[in-house]
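S.K.: heads up, no residue letters with this:
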């Protein structure tokens, strides 16, 4: 259970009335405890549930952050694939255009910031040398190769960015659905218990008791929390039980 520093919340008009009864009101009666829990649930349940589910929500945030890093991994892997694919395609186009292999060319490599690295050496020099073409003839053929490879790189890198964005979008969507699930379970299944009750003050004239107790909140399979709570209980002139929650020390 989370255990943090105290923050005092004073609740104005936080009262509950129960049906008529007899005898002096007590801090630990079932009727009194039920009214205390009813007041807490109606006026500050979300605050308490957030404390109780803090660890579960933190785990979801941590997992979401780690999943979001997939974006960089996906993009890097896809860009590497782009480079390899484009390099192979470059060689294929070179053979188709000039009828010679690039195996002997060490600098026929592709890839620096999405551009061909030293295109003149990668294409023009071997083409001109092997085919005895004029510079202009080799230039035209190399321009065609360069244009096709550039389009391929552009499309491939665009796809890499789209894959990365989908990865981060999926991580964020999963986080939202899991936090919503925690919220739904908390609102639906949380249980409240008031125990360790003691009387801190008593008004002999009115019969009112000022009480202190421990309020426990438990959310099945999610988490729990406990707070110190102060409340006052007395009977009205017509015999009804009157409970006012004076404050809650949230350990958060």
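M.R.: Received, thanks. Note that the structure is a prediction, hence the values are computed from the model and not measured.

S.K.: quick check on residue 221: phi, psi?
M.R.: For residue 221, the backbone dihedrals (degrees, to the nearest 10) come out as phi 70, psi 10.

S.K.: which parts of stretch 150-159 are buried?
M.R.: Neighbour counts over stretch 150-159 (16 or more other C-beta atoms under 10 Å) mark 152, 153, 156, 157 as buried. For every residue, glycine as well, the C-beta is placed using N, CA and C.

S.K.: hang on, the last one packs against residue 80?
M.R.: Read that as residue 157. No - applying C-beta atoms under 8 Å as the test, residue 157 and residue 80 come out as separate, 11.2 Å apart.

S.K.: all helices of the stretch 51-200 of the chain, in order?
M.R.: Ranges of helices in the stretch 51-200 of the chain, per DSSP state H, counting those that start in this stretch, are 54-68, 70-98, 119, 125-131, 135-189.

S.K.: of all these, which lies closest to residue 224?
M.R.: Residue 224 lies closest, by C-beta to C-beta, to one member of the helices of the stretch 51-200 of the chain: helix 54-68, at 9.6 Å.

S.K.: what's in contact with the closest one?
M.R.: 2, 50, 167-168, 170-172, 174-175, 178-179, 182, 222-223, 225, 252 (C-beta atoms under 8 Å, 6 or more residues apart in numbering).

S.K.: next, the nearest residue to residue 25 once chain neighbours are set aside: phi, psi?
M.R.: Spatial nearest neighbour of residue 25, chain neighbours left out: residue 233 (4.5 Å); criterion: C-beta to C-beta, 6 or more residues apart in numbering. Note on residue 233: its backbone torsions stand at phi -130, psi 140 [degrees, to the nearest 10].

S.K.: just to revisit the earlier point, out of the contacts of helix 54-68, which is most surrounded?
M.R.: residue 225 (24 neighbours; other C-beta atoms under 10 Å).

S.K.: center of the chain, which residue is that?
M.R.: residue 61 (3.6 Å; C-alpha atoms, centre = their mean).

S.K.: lowest average confidence across the helices of the stretch 51-200 of the chain, which one?
M.R.: Mean pLDDT across the helices of the stretch 51-200 of the chain is lowest at helix 119; the value there is a mean of 44.

S.K.: report the separation between residue 92 and residue 155.
M.R.: For residue 92, the distance to residue 155 (C-beta to C-beta, to the nearest Å) stands at 17 Å.

S.K.: same thing with residue 40?
M.R.: 59 Å.

S.K.: check residue 172 too.
M.R.: Going from residue 172 to residue 155 by C-beta to C-beta gives 26 Å.

S.K.: residues near residue 135, how many?
M.R.: Residue 135: 10 neighbours (other C-beta under 10 Å).

S.K.: scratch that, residue 71 is what I was asking about
M.R.: 19.

S.K.: again with the one 5 residues further on
M.R.: As a burial measure, the neighbour count of residue 76 was computed by other C-beta under 10 Å and equals 12.

S.K.: distance of it from residue 46?
M.R.: 41 Å.

S.K.: residue 235 now?
M.R.: Distance, residue 235 to residue 46, using C-beta to C-beta: 31 Å.

S.K.: between these two, which is the more surrounded one?
M.R.: residue 235 (19 against 12).

S.K.: so who does the more buried one touch?
M.R.: 21, 24, 25, 207, 241, 242.

S.K.: which strand residues bridge it?
M.R.: residue 241 (DSSP bridges).

S.K.: just the pLDDT at it, thanks.
M.R.: Residue 235 is assigned 88 on the pLDDT scale.

S.K.: for residue 214, see how far away it is.
M.R.: With distances taken as C-beta to C-beta, residue 235 is found 25 Å from residue 214.
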